[in-house]
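> what follows is a predicted protein model with its sequence.
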Amino acid sequence: MEDLSLHILDIAENSVKAHAKNISILVEESKKKDLLILEIMDDGKGMDAEKKAKALDPFFSTRKERRFGLGLSLLEEAAKTANGRFSLESAPGKGTKVVASFQASHIDTKPLGDIHQTLITLIVGSHDVDIRYTHVTDKSKYVLDTGDIKSQLNGIPIYSPEVIHIIKKNIIEGLANLRR
């Protein structure tokens, strides 16, 4: 995976497969602290201690369509390579929380990537799941909450082209404002 947005997409898709109804994604960028943090949390079925221990093994997967589960192990390696940390918390019936931190200025820190496309892919592909995306910088904060959006749509599907167009524009503008 060439950028962090693909890791976010992979983990969020795992959350959907774990029957999560709510996924929270946090991206925190701090130039002052020289830190980039990714946190993905869900209320899915979670993992017992045995599955959690195996989850970082690249040759373990609960998926039937493939025998490899590279996502978490690659993210863990990316974090550690960039002077960061990785943690995985999970319990049956409680959901899962993945946190990866990176030294932002480290030469091996992967770029964040195309976050707006990652979010649009998640919204369209998992429209029955509420996704809360929060992006924090030293100066500003952007929040997208599909639960709030759905409550204002009066029955219009969130995945309709018109709504997706508006959401995409909002994400692009919101993220651009973080950089100003």
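Right, received. Where do you want to start?

> now do the strands in the protein.
With DSSP state E, the ranges of strands along the chain come out as 22-30, 35-42, 85-91, 95-103, 130-136, 141-145.

> JSON lines for those strands, including mean neighbour count, mean pLDDT and distance to residue 4?
Placement of C-beta: from N, CA and C, glycine included. Shown next, in JSON lines, are those (neighbours: other C-beta atoms under 10 Å; pLDDT from 0 to 100; distance: least, C-beta to C-beta, whole Å):
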{"stretch": "strand 22-30", "mean neighbour count": "19", "mean pLDDT": "98", "distance to residue 4": "8"}
{"stretch": "strand 35-42", "mean neighbour count": "21", "mean pLDDT": "98", "distance to residue 4": "6"}
{"stretch": "strand 85-91", "mean neighbour count": "16", "mean pLDDT": "96", "distance to residue 4": "13"}
{"stretch": "strand 95-103", "mean neighbour count": "21", "mean pLDDT": "97", "distance to residue 4": "8"}
{"stretch": "strand 130-136", "mean neighbour count": "19", "mean pLDDT": "98", "distance to residue 4": "12"}
{"stretch": "strand 141-145", "mean neighbour count": "15", "mean pLDDT": "98", "distance to residue 4": "16"}
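
> what about those strands, which gets the closest to residue 15?
strand 35-42 (3.7 Å; C-beta to C-beta).

> counting by contacts, list what that closest one packs against.
Strand 35-42 sits against helix 4-17, strand 22-30, strand 95-103, with contacts defined as 3 or more C-beta pairs under 8 Å, 6 or more residues apart in numbering; DSSP states H and E.
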